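Undergrad: Show me how the following folds:
(chains A and B)
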Amino acid sequence: KAGVTQTPRYLIKTRGQQVTLSCSPISGHRSVSWYQQTPGQGLQFLFEYFSETQRNKGNFPGRFSGRQFSNSRSEMNVSTLELGDSALYLCASSSAAPGSGYTFGSGTRLTVV
Amino acid sequence: TQLLEQSPQFLSIQEGENLTVYCNSSSVFSSLQWYRQEPGEGPVLLVTVVTGGEVKKLKRLTFQFGDARKDSSLHITAAQPGDTGLYLCAGGGETSGSRLTFGEGTQLTVNP
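TA: Numbering: from 1, shown residues only, chains lettered A, B, ... in the order given. Purely as a prediction, here's the structure:
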């Protein structure tokens, strides 16, 4: 069974630009979560989508947004990029069954210059 | 805000030694998960514990969930170089739904 696929793997953007990251979950998984990982803050929850609806949201500014499509694929968008947005962005999918855990993708490494 | 504190932050040991990593909080979690992450990759789920006092074993790894569901430990017996990686604990809150709260991680290095 294919794992969680994130594209692109690496991205370099200029401050002020916007970026869209993509995540394809494991087939059959309807829950997709996004996390930001930085050396100083560790893994921080961005948001979670289930059946195309945002079910949970972390404490990030409105520049961070996401959506989920009917096939459960998800995208996250960051507008007006800042240097501090440089991070590894991880997507995780889950069947949402109790105790099922999450399967993470390899992440997208975003560098803002 | 639920917080998870992991200790130690860094651990460097010789092959064959035993070690324990701790994950503590003042909050109660409905479940706790342990992940291992290697450089350039996403975390990989090792185990999920949901019942206070629960102990799970995965080959040389033993995971324990505290009776009050506020803490957990990961014990590795006879560590091997292949165990090297970043170990993360993550709690699923009783009120936070699907959101996971992660600890800062323990960077383990096992030297041959």
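Undergrad: Residue A:6 against residue A:25, yeah?
TA: No. In terms of CB atoms under 8 Å, residue A:6 does not count as a neighbour of residue A:25; the distance is 10.1 Å. For the C-beta atoms, the positions are set from N, CA and C on the backbone; glycine is no exception.
Undergrad: Quick one: residues contacting the residue in chain B that chain A sits nearest to.
TA: When you check chain B against chain A by CB to the nearest CB, the closest residue turns out to be residue B:42, at 3.2 Å. Neighbour list for residue B:42: A:4, A:90, A:92, A:104, A:105, A:106, A:107 [criterion: CB atoms under 8 Å, 6 or more residues apart in numbering or on different chains].
Undergrad: now residue 56, what's its secondary structure?
TA: You didn't pick a chain, so chain A it is. Using DSSP: H, G, I helix; E, B strand; the rest coil, the three-state assignment for residue A:56 comes out as strand.
Undergrad: ok, for it, nearest residue in space, not its chain neighbours?
TA: Leaving aside its chain neighbours, residue A:56 sits nearest to residue A:48 (4.3 Å; criterion: CB to CB, 6 or more residues apart in numbering or on different chains).
Undergrad: Now for that neighbour, how many residues are close by?
TA: By the other CB atoms under 10 Å in any protein chain shown criterion, the neighbourhood of residue A:48 contains 27 residues.
Undergrad: can you list contacts of the strand or helix carrying it?
TA: The secondary structure element spanning residue A:48 is strand A:42-50 (assigned by DSSP states H and E). Applying CB under 8 Å, 6+ apart, the contact partners of strand A:42-50 are A:30-38, A:54-58, A:60, A:64, A:66-68, A:74, A:76, A:89-90, A:96, B:43, B:88, B:90, B:97-105.
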